[in-house]
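>>> Any chance you can model this:
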Amino acid sequence: MSQEHSQKYSTLSRPRSEFATREAYLEHELQVMSPRRWRPNLPMRDYRFEWEDLVPGMAATIGKIVMVAAVVGAFAAPLGLSSEFVIENVRFELLIAAVLFVILISGFLNPSANLAGTHGPLLPLVPLIVASGGHPMALGLLIGGLGFILGITKGGSLLAKLTSNGVCGGLLLYLGFIGITGQVQKLFTWAESFDMGYLAFVVLIATILMYAWLEHIKKRWLAIPLGAGMAAIIALAMGAPFEFSTSPGIPNMNPAYWWGEDTGWKLGLPDWSHFVAVLPFAVLAVSMWSPDFLGHQVFQKLSYPKNTKRVHMDIDDTMMTASTRQAVGSLLGGGNITSSWGTYIIPASIARRPIPAGAIVTGVLCIVAAFWGYPMDLAVWPPVLSVALLVGVFLPLMEAGMQMTREGKTAQSAAMVVISSVLVNPVFGWSLTLLLDNLGLVGCKDRAEKLGKAGRWIIPGIAFVVLCIVMAIIGMFPGVPALVDTFN
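Predicted coordinates for the structure are as follows:
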């Protein structure tokens, strides 16, 4: 079967010169590819490299540096660890992700699995995890174990199938809007810190005009490199402060150093109490995966042409890959919390590129950034970072959400997701609306009637109750104290 797949691609793939437009060529490449799950996929035999692969590669590398730095920094601050520790651990994490998983798994063994990235929505809870007596290794191992069970039992794809267009569209709208407002605020905060608030306004206006122009000429996939470059040039031309401070080097790659009593994290190895302390957070982290992974898969489906199902991201394979990456990274000494890599899959979908080629490009860029050091400074510079995330992730999420809520009664479910997410968080909004939508109380009643008992209320009901119990234990409901005093 694998030989037939390989022969099919090599037979059906045609050179660019045979197509009237490059878009037609890229769409044809997606339609004739047949990735092989957990078997070798080789460049030129099973897929090709195109210069469009640089777009998701650049966006993913920028996003990875920023998100891992944010997570490790959130752990390091309450533990009293220095900024030098954070940089060292981020460099180590870039190598772990790039060599062991991005290139090996998504680029070679299973191109149906999206890259294992960073769990952004859990970031605000990291200080609480530390205050509750949590240990980074204990948290990582539990997330890895629970996530692998969910993936191997196909629980992630089951929950995705039970999620209607209205619920998923509302989730995308909320995540897109929250992301846009957050980046705009961060950019203005940065510019106002040196009394040049108008610089943020100029950069954002230029970004809007650039994005509209790219949309007009159907080159939206260029938004990340053009936007990031334009933002850097404008900021430098207007006198914004910037300097390179991270020098080339190799991070310490000895796990014994990272988990020593007096070195690295200075925490030693975790005991049973650490696992008990982080269990609710691990359950919550894995529960966030289904709506997160679903949003990425849906965006990919909306961006790709017809007859490309074979190259769509597989939710369960991505969960198993992310879980394994989480457990291995934590054992080795990394501080990352893993999820599906949104800053890769969204730009890759816009550029109409499959997962494997861009994955290898991303892995190479991450290795270069980890060793060279200087690209890390540029990637986390606020104008470059904010504009790249705005045009490469959050604006496309908003657009996809609007596309999914244009027909029927999907707007009802979408509105319910948004208001519930604002009230508590996206996990609560997704699980509550999933239950109400499948019961037929909101959204399309005809769809609800076609679901069996398990799909209508048993599975959504269990998911909602379990998540509410976990959130109540931790104290995530506004105005309601945590059920367990340790988390207050």
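>>> which element follows the longest helix belonging to the chain toward the C-terminus?
Longest helix of the chain, by residue count under DSSP state H: helix 165-192. Downstream of helix 165-192, the first helix or strand assigned by DSSP states H and E is helix 197-216.
>>> got a list of contacts for the helix or strand just after that following helix?
Per DSSP H and E, the first helix or strand lying C-terminal to helix 197-216 is helix 223-237. Here helix 223-237 makes contact (C-beta atoms under 8 Å, 6 or more residues apart in numbering) with 54-55, 58-59, 62, 199, 202-203, 206-207, 210-211, 214, 242, 347, 350, 378, 381, 383-384, 386-388, 390-392. Where C-beta positions appear, they are placed from N, C-alpha and C, glycine not excepted.
>>> ditto for stretch 82-97
Counting by C-beta under 8 Å, 6+ apart, 64-65, 68-69, 72-73, 76, 115-116, 246, 249, 251-253, 258, 264, 325, 328-329, 332-336, 363, 366-367, 369-371, 373, 376 sit against stretch 82-97.
>>> mind listing which of those residues are in helices?
64-65, 68-69, 72-73, 76, 258, 325, 328-329, 332, 363, 366-367, 369-371, 376.
>>> Name only those of those that count as buried.
Neighbour-count burial (16 or more other C-beta atoms under 10 Å) applied to the ones in helices among the contacts of stretch 82-97 gives 64-65, 68-69, 72-73, 76, 258, 325, 328-329, 332, 363, 366-367, 369-370, 376.
>>> Where does the prediction get shaky in the stretch 301-450 of the chain?
For the stretch 301-450 of the chain, the stretches with pLDDT under 70 are 408.
>>> Now do the buried residues in the longest helix of the chain.
Here helix 165-192 shows 165-180, 183-184, 187-188, 190-191 as buried, counting by 16+ other C-beta under 10 Å.
>>> buried sites along stretch 383-403?
Residues of stretch 383-403 classed as buried: 383-401 (neighbour count, 16+ other C-beta under 10 Å).
>>> And for stretch 148-155?
Neighbour-count burial for stretch 148-155 [16+ other C-beta under 10 Å]: 148, 150-151, 155.
>>> out of the buried residues of stretch 383-403, which are inside strands?
With strands taken from DSSP state E, there is no overlap with the buried residues of stretch 383-403.
>>> List the contacts of residue 452.
Applying C-beta under 8 Å, 6+ apart, no residues contact residue 452.
>>> nearest residue to residue 302 other than its sequence neighbours?
residue 400 (5.3 Å; C-beta to C-beta, 6 or more residues apart in numbering).
>>> you'd agree that neighbour is up against residue 172?
Yes. Counting by C-beta atoms under 8 Å, residue 400 does reach residue 172; the two are 5.2 Å apart.
>>> and for those two, which residues touch both?
Common contacts of residue 400 and residue 172, defined by C-beta under 8 Å, 6+ apart, comprise 298-299.
>>> shaky segments in the stretch 101-250 of the chain?
In the stretch 101-250 of the chain (pLDDT under 70), the answer is 124.
>>> and the strand or helix carrying residue 150, what other elements does it pack with?
Using DSSP H and E, residue 150 sits in helix 136-152. The helices and strands touching helix 136-152, judged by 3 or more C-beta pairs under 8 Å, 6 or more residues apart in numbering; DSSP states H and E, are helix 272-287, helix 315-332.
>>> Skipping its backbone neighbours, what lies nearest residue 385 in space?
Excluding its sequence neighbours, the residue lying closest to residue 385 (C-beta to C-beta, 6+ apart) is residue 66, at 5.6 Å.
>>> From residue 100, how far out is the one you found?
Distance, residue 66 to residue 100, by C-beta to C-beta, to the nearest Å: 21 Å.
>>> which one of these two has more residues nearby?
residue 66 (22 against 17; other C-beta atoms under 10 Å).
>>> and the more buried one, what does it touch?
Contacts of residue 66 by C-beta under 8 Å, 6+ apart are 379-380, 385.
>>> Okay, and which of the residues you listed map to helices?
Using DSSP H, the contacts of residue 66 in helices are 379, 385.
>>> Need the contacts of residue 66 in a markdown table (columns: distance to residue 292).
Below are those laid out as a markdown table (distance: C-beta to C-beta, whole Å):
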| residue | distance to residue 292 |
| --- | --- |
| 379 | 22 |
| 380 | 23 |
| 385 | 20 |
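>>> Could you point out which of the contacts of residue 66 is nearest to residue 437?
residue 385 (35.4 Å; C-beta to C-beta).
>>> all helices for the stretch 351-488 of the chain, in order.
Under the criterion DSSP state H, counting those that start in this stretch, the stretch 351-488 of the chain carries helices at the ranges 355-372, 374-379, 382-389, 395-404, 410-423, 426-439, 445-450, 453, 459-474.
>>> Throw those into a markdown table and include distance to residue 271, thanks.
A markdown table is the format used below for the helices of the stretch 351-488 of the chain (distance: least, C-beta to C-beta, whole Å):
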| stretch | distance to residue 271 |
| --- | --- |
| helix 355-372 | 32 |
| helix 374-379 | 34 |
| helix 382-389 | 38 |
| helix 395-404 | 41 |
| helix 410-423 | 36 |
| helix 426-439 | 29 |
| helix 445-450 | 47 |
| helix 453 | 43 |
| helix 459-474 | 21 |
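>>> Could you give the number of residues near residue 41?
27.
>>> pretty sure it belongs to a helix, no?
No. Residue 41 is assigned coil when assessed by DSSP: H, G, I helix; E, B strand; the rest coil, not a helix.
>>> Find me the pLDDT at it, would you?
With respect to pLDDT, residue 41 has a value of 92.
>>> thinking again about what came up before, just list what the longest helix of the chain packs against, helices and strands only.
helix 197-216, helix 289-303, helix 382-389, helix 395-404, helix 410-423, helix 426-439.
>>> Touching, residue 483 and residue 470? I think so.
No. Using C-beta under 8 Å, residue 483 is not in contact with residue 470, being 10.1 Å away.
>>> Look at the two and report which has more neighbours.
Set residue 483 next to residue 470 and count neighbours by other C-beta under 10 Å: residue 470 wins out with 18 against 15.
>>> how much space between that one and residue 427?
Counting by C-beta to C-beta - residue 470 and residue 427 are separated by 9 Å.
>>> intersection of neighbour lists for those two?
Contact criterion C-beta under 8 Å, 6+ apart; residues shared by residue 470 and residue 427: 284, 287.
>>> Report how many residues lie close to residue 280.
As a burial measure, residue 280 scores 26 neighbours (other C-beta under 10 Å).
>>> contacting residues for it?
Residue 280 touches 470, 473-474, 487, counting by C-beta under 8 Å, 6+ apart.
>>> quick one: residue 48 from residue 9, how far?
9 Å.
>>> what do you get for residue 85?
For residue 85, the distance to residue 9 - C-beta to C-beta - is 46 Å.
>>> Then residue 467?
42 Å.
>>> who has more neighbours, the two?
Per other C-beta under 10 Å, whichever of residue 467 and residue 9 has more neighbours is residue 467, with 22 against 19.
>>> Spit out the contact partners of the more buried one.
284, 287, 427-428, 431.
>>> Now flag whichever of those residues is closest to residue 276.
residue 284 (14.9 Å).
>>> While we're on residue 300, how confident is the model there?
92.
>>> Contact partners for it?
Residue 300 neighbours (C-beta under 8 Å, 6+ apart): 312-313, 345, 348-349.
>>> of all these, which two lie farthest apart?
The span of the contacts of residue 300, defined through C-beta to C-beta, is set by 312 and 348 at 11.9 Å.
>>> what about those two, which has more around it?
residue 348 (31 against 19).
>>> element containing that one?
Assigned by DSSP H and E, residue 348 falls in helix 342-350.
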